[in-house]
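*Asks:* Provided below for reference: sequence and predicted model.
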Amino acid sequence: MANSYRDTFTGPHLLGIAGLNRLEVDSLLDRTADFMVLNRQRNKHSDVLGGQTLINLFFEPSTRTQGSFELAGKRLGADVINMAIKSSSVAKGETLIDTAVTLNAMHPDLLVVRHSASGAAELLSQKVDCAVINAGDGSHEHPTQALLDAFTLRAHFGDLAGLRIAICGDVVHSRVARSDITLLTLLGAEVRLCAPPTLLPGSAREWGVQVFYNMGEALDGCDVVMVLRLQRERMTSACVPSTREYFRYYGLDRAKLSAAKESALVMHPGPMNRGVEIDSEIADDPNISLITEQVESGVALRMAVLAALAEGRT
Ligand code: CP
């Protein structure tokens, strides 16, 4: 495996895409390519994290992110603990910081955190001695999702410069959208947002993107359509009249996708609400859907992040 990544991304933490530069991003994506090769072999083990401890601390549900960080840590030889929050002392009222300080006393090397509060990962990084990785904090950032998305696109298009990418759906609640916008624009893509006004933050026009309310206009000439989940669990009031009506105007189906380039590819970070933001016919079409490739990239990308942070601590 290549070993020429020094002086690029070395941490000390991965809290967001904001703050990363192009060289750091490229070094992580290059490392990911190497781990993609390893992950397709029968023996997927490396000892990059031999003797080190990784703790997954997820205060919100997760399948892809938690599962892939667990696999990533194990494939790199780390001891991995998944804290079961519901049966931990959090259920007795222990605070986020007390939980982190308690875990820190057990000398972990890497702490992966998902929390409903924006800024939670950064706060923990100030309280612990190990590397902290933000696995999603409120509506703020989900950096490893954006990096795996960029890697998946790089695998298909080579260079992201000049690609026209529409991010559609529940932008206001989406940490994925914020991280993706920052990263895709850093890599030279033209990013468009499309959602009903109730699902777009007022500040969206200041993000260096074009804003649309109509899918036909937004998808015109697009190379990629990235669909976001309608995050009903974060809505404090009804942001859409009904999921049926939402699908009619914003759900990605063949008719709406026809506004994009004929060669356009479709992404979704998951989990999907089928028939709400995306039609199964699109999600399950292997000729246009990158959704399972995103999941595969996620394991390798998280291996790359863990390896880089561990290297930065030596
Ligand atoms: N994309 C994503 O973060 O999925 P999970 O919630 O399953 O981790």
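*Replies:* Noted; the coordinates are in hand.
*Asks:* residues contacting the most centrally placed residue in the chain?
*Replies:* The centroid of the chain falls nearest to residue 145 when counting by CA atoms, centre = their mean (1.4 Å). Shown in contact with residue 145 (CB atoms under 8 Å, 6 or more residues apart in numbering): 65, 136, 175-176, 179-180, 269, 298. Bear in mind the C-beta positions are built from the backbone N, C-alpha and C, glycine included.
*Asks:* can you check residue 194 too?
*Replies:* 166-169, 211-215, 217-219, 250.
*Asks:* which residues pair with it across the strands?
*Replies:* residue 168, residue 212 (DSSP bridges).
*Asks:* For it, give its distance to residue 157.
*Replies:* 21 Å (CB to CB, to the nearest Å).
*Asks:* so which of the contacts of residue 145 are also by the ligand?
*Replies:* 65, 136, 269 (CB under 6 Å from any ligand atom).
*Asks:* And the biggest helix by length in the chain, what does it pack against?
*Replies:* Counting by DSSP state H, the longest helix found in the chain is helix 291-312. Contacts defined by 3 or more CB pairs under 8 Å, 6 or more residues apart in numbering; DSSP states H and E place helix 291-312 against helix 22-39, helix 64-75, strand 110-115, strand 131-137, helix 143-157, strand 265-267.
*Asks:* Send over it as CSV, restricted to the C-alpha atoms.
*Replies:* Included here for helix 291-312 are C-alpha records, laid out as CSV according to Å, rounded to 0.1, in the frame of the first residue of the first chain:
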residue,chain,number,x,y,z
ILE,A,291,-26.2,4.7,-3.8
THR,A,292,-24.6,1.3,-3.0
GLU,A,293,-21.3,2.6,-4.4
GLN,A,294,-21.5,5.4,-1.8
VAL,A,295,-21.8,2.8,0.9
GLU,A,296,-18.8,0.9,-0.3
SER,A,297,-16.8,4.1,-0.6
GLY,A,298,-17.8,4.9,3.0
VAL,A,299,-15.8,2.0,4.5
ALA,A,300,-12.6,2.8,2.6
LEU,A,301,-12.9,6.6,3.2
ARG,A,302,-13.3,6.0,6.9
MET,A,303,-10.3,3.7,6.9
ALA,A,304,-8.4,6.5,5.2
VAL,A,305,-9.5,9.0,7.9
LEU,A,306,-8.6,6.8,10.8
ALA,A,307,-5.2,5.9,9.3
ALA,A,308,-4.4,9.6,8.6
LEU,A,309,-5.4,10.6,12.1
ALA,A,310,-3.4,7.8,13.7
GLU,A,311,-0.4,8.7,11.6
GLY,A,312,-0.8,12.3,12.7
